[in-house]
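J.: any chance you can model this:
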Amino acid sequence: MLAAGLLAVSGITALSSAARAADADLAANGGFEAGLTAWSCTAGSGTTVGSPVHSGGSALQATPAGSDNAQCAQTVTVQPNAQYTLSGYVRGSYVYLGASGTGTTDVSTWTQSAPDWQKLTTTFTTGASTTKVTIYTHGWYGTGAYYADDISLVGPGGATGQPPAAPTGLKTGTITSSGVALSWTAVTGATSYAVYRDGAKVQTASGTSATVAGLTPSTAYSFQVTAVNGSGESAKSAAVTATTTAGSSGGSTGLPTHALVGYLHASFANGSGYTRPADVPDSWDVIDLAFGEPTSATSGDIRFNRCPVTECPNVESDADFKAAIKAKQAAGKKVLISIGGANGQVQLTTTAARDTFVSSVSNIIDTYGLDGLDIDFEGHSLSLDANDTDFKNPTTPVVVNLISALKTLKAKYGSKFVLSMAPETFFVQMGYQYYGTGKWGGQDPRCGAYLPVIHALRDDLTLLHVQDYNSGPIMGLDNQYHSMGGADFHIAMTDMLLTGFPVAGDANNVFPPLRPDQIAIGMPASTNAGNGYVAPAEVTKTLDCLTKKTNCGSYTTHGTWPAMRGLMTWSVNWDRFSNWEFQRNFDAYFG
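T.: Numbering: from 1, shown residues only. Here you go, the predicted structure:
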């Protein structure tokens, strides 16, 4: 019995050694000797340095900034139902090391303060169907740079199969002014497909067909497809080209090819004085009456109260106000009610609020005989729930209910109904870096919150004029931050809308571009109107670059859009206060 027991123990020891021998370090470039190869850092926050290092010649340095925690991550192929040990050396304050997508319990470990290199270690077991996990390190907001080196993930290696073959038979189907339908032959072993437009990945597909939307009318595009499985991505297919149709130059809403949009202070004076609709010059093609506001933030009950005589001594009667609107419409102008503004928080948290919103807005439109609706939700009107991570399939009630309400209004009034939106950059372009609270939480839930609304209504949307003012620095598609004060900011922000962009840096989750005729650039009319004013010469540079690709500065656009609709300004009143400088510059440019 003793001999048998010794043999049994020996066998166990041998088996354990064999299991350990099968383990390997699966983290690629864990010592950062090859720069950031295999690693992806948010917001361009990471770099490699030669000092300090734990070993070798390089280490990671990453610097949190603003609402970015400087996360650097890589995805690793693993085996299901297997145990792994993640470790690494870090320096700095509040440095985290963790793994997500484990299929069981995601793990992380951290140190509050590591003035010298400190080793962090954690373990996890993968789920029954887990073949990939993401390992990451990050710092914390506003705590300065951190360092990481010699990161390893030890455990059994994942399957080392081959990527699938490249797809064949790629061909085009229905082609419209804004979309191209594609189909291809199925590839054995492929679990999904990636679609490329002009060399850039724009979407993924689970089957053998896809429609690439958000394209520019009368424009030639090249498309390719790759096949994907757990071992990687195939080579690209042979390319096919397609030219979108001419489109309808703005649809049936009757806007001119190039339009000037302005907000008219109709319920307040705001220091600029009251301007009657009848006194708005003919240069203004769209007049947004500011503002319809809710009786409470969550009621959905919108009221439009005209400026009182005590604040606006020259205010006209209701009859004259309505007559002026009719006269503008007879001259081919569009007059809309704008809902929200800085003081009008609108949160449609319930379906009852949604329905009240539809009925109350309809009442305003019908009472004054208006052409449509402008959504100017700011502040805390829109934010995303923590588990709402896909802009194409939103679940947050305030977002879902707003989309439903706007679709109902559009359906009620028909194709001539003008629908516009005026979000702030934080709610749109900032979505290139962050979306909602983020995968690991801690981000502002309002970030990118307009994207699901714009995307769901892109076929109904007449105009999007993002407020390129009162904005902090925003990262453009060149991965550089751009700040207000010159043409460069407007060019970079508008290029994002006309090119499309991956949301929260995810190349497989791309916000498609909008049509050029849907885009007007929002600018303050004067220094009194808001932060971010630019002189007429900078406005001209912006238009030259975007419509002609001339007079551009440091930012390189991804296209040329002569059909871009025009300009929006806050506001008609402030432009009048400044001797119509904004209007005169628009007229001089577009004739």
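
J.: quick one: low-confidence residue ranges for the stretch 1-150 of the chain.
T.: The stretch 1-150 of the chain contains residues with pLDDT under 70 at 1-22.

J.: show me where it has its helices.
T.: Secondary structure of the stretch 1-150 of the chain, counting by DSSP state H, counting those that start in this stretch: helices at 2-22.

J.: just the pLDDT for the closest residue to residue 178 other than its chain neighbours.
T.: If the residues on either side of it in the chain are set aside, residue 178 comes closest to residue 215, at 5.2 Å by Cβ to Cβ, 6 or more residues apart in numbering. For glycine as for every other residue, the C-beta is placed from the backbone atoms N, C-alpha and C. In this model, residue 215 is scored at 78, pLDDT.

J.: what does residue 264 give?
T.: Reading off the confidence values, residue 264 has pLDDT 97.

J.: contacts only, for the residue nearest to residue 312 when sequence neighbours are not counted.
T.: With Cβ to Cβ, 6+ apart as the measure, residue 274 is the residue that lies nearest to residue 312, at 3.6 Å, once sequence neighbours are left out. Residues near residue 274 by Cβ atoms under 8 Å, 6 or more residues apart in numbering: 265, 307, 311-315, 573.

J.: taking the residues you listed one by one, which sit in strands?
T.: Assigned to strands by DSSP state E, the following of the contacts of residue 274 qualify: residue 265.

J.: if you rank the contacts of residue 274 by neighbours, which is first?
T.: Each of these was scored for neighbours by other Cβ atoms under 10 Å, and residue 573 scores highest at 26 neighbours.

J.: any idea how far residue 207 is from the residue nearest to residue 178?
T.: When Cβ to Cβ, to the nearest Å is the yardstick, residue 215 and residue 207 sit 21 Å from each other.

J.: neighbour count: these two, which is higher?
T.: Ranked by neighbour count (other Cβ under 10 Å), residue 215 and residue 207 place residue 215 first, with 24 against 10.

J.: give me the phi and psi for the more buried one.
T.: Dihedral angles phi and psi of residue 215 (degrees, to the nearest 10) take the values phi -90, psi 170.

J.: isn't it right next to residue 175, touching?
T.: No - here residue 215 lies out of contact with residue 175, judged by Cβ atoms under 8 Å, at a distance of 9.2 Å.

J.: common neighbours of the two, please.
T.: residue 244.

J.: just list whatever residues bridge to residue 521.
T.: Applying DSSP bridges to residue 521 yields these beta-bridge partners: residue 567.

J.: okay, now it: neighbour count?
T.: 24.

J.: try residue 404
T.: Here the number of neighbours of residue 404 (other Cβ under 10 Å) works out to 17.

J.: that one falls within a helix, correct?
T.: Yes - the assignment for residue 404 is a helix, going by DSSP: H, G, I helix; E, B strand; the rest coil.

J.: got a list of what it touches?
T.: Residue 404 touches residue 354, counting by Cβ under 8 Å, 6+ apart.

J.: quick check: the closest residue to residue 158 other than its chain neighbours vs residue 162, distance?
T.: Among residues not flanking residue 158 along the chain, residue 77 sits closest, at 3.2 Å (Cβ to Cβ, 6+ apart). When Cβ to Cβ is applied, the distance between residue 77 and residue 162 equals 13 Å.

J.: wait, residue 59 touches residue 47, no?
T.: No - the pair residue 59 and residue 47 does not pass the contact test of Cβ under 8 Å, sitting 10.1 Å apart.

J.: these two: which is more packed in?
T.: Neighbours per residue (other Cβ under 10 Å) separate residue 59 from residue 47, with residue 59 holding more: 24 against 16.
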